[in-house]
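Asks: Provided below are the primary sequence and the corresponding predicted coordinates.
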Amino acid sequence: MQKVALVTGGNRGIGLGITRRLLADGFSVSILATREEPVEVLASLRELGEVRYIRGNVAEPQDHMRYVQDAVSTWGRLDVLVNNAGVGLRSVTTSSKRARRASTGCWASTCADRTS
């Protein structure tokens, strides 16, 4: 049975490299990303193996459920999660002291603010 990987942010940068490697190693891969579906990127990935693309945001719990449900309904299993996507402060350079002392609640607030 083919293994299945979820790769958040798997459509560009490091995440795209991880997606390519997993496909080359025989995994089916589902990508969660915020951007419009990258048709050309997906076409090249599909030459390597099975790929699904879900548009969503790692900061949104309802997107997590939709993402996981899609993969399980498509392949019937999950084997690997590569939690590559992330969010950060808008201006770490001007807020570096605050960023170093930030509580979990502050980071959650920053993520919610950044994605709204």
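Replies: Good, I have the coordinates.
Asks: which parts of whichever strand or helix holds residue 67 are buried?
Replies: Element membership of residue 67, judged by DSSP states H and E, is helix 61-75. If you call a residue buried by 16 or more other C-beta atoms under 10 Å, then helix 61-75 has these buried ones: 63, 64, 67, 68, 70, 71, 75. For every residue, glycine as well, the C-beta is placed using N, CA and C.
Asks: ok, stretch 19-38 next?
Replies: Buried, per 16+ other C-beta under 10 Å, within stretch 19-38: 19-20, 22-23, 27-34, 38.
Asks: over to stretch 40-48?
Replies: Here stretch 40-48 shows 41, 45, 48 as buried, counting by 16+ other C-beta under 10 Å.
Asks: now residue 14: closest residue in space that isn't a chain neighbour?
Replies: With C-beta to C-beta, 6 or more residues apart in numbering as the measure, residue 84 is the residue that lies nearest to residue 14, at 6.3 Å, once sequence neighbours are left out.
Asks: quick one, what contacts that neighbour?
Replies: 7, 8, 9, 10, 14, 15, 18 (C-beta atoms under 8 Å, 6 or more residues apart in numbering).
Asks: any stretches of the protein with poor pLDDT?
Replies: Along the chain, segments meeting pLDDT under 70 span 87-116.
Asks: let me see the domain layout of it.
Replies: 4-83, 88-116 (automatic domain parsing).
Asks: roughly how far is the first one from the heart of the chain?
Replies: This points to domain 4-83. 7 Å (C-alpha atoms, centre = their mean, to the nearest Å).
Asks: could you tell me the end-to-end distance of that domain?
Replies: The straight-line separation of the ends of domain 4-83 (C-alpha to C-alpha, to the nearest Å) is 14 Å.
Asks: show me the two of the contacts of residue 84 that sit farthest apart.
Replies: Farthest pair in the contacts of residue 84 (C-beta to C-beta) is 8 and 14. Separation: 11.2 Å.
Asks: more neighbours: which of these two?
Replies: residue 8 (24 against 12; other C-beta atoms under 10 Å).
Asks: list the contacts for that one?
Replies: 15, 31, 32, 33, 58, 81, 82, 83, 84, 85 are the contacts of residue 8 under C-beta under 8 Å, 6+ apart.
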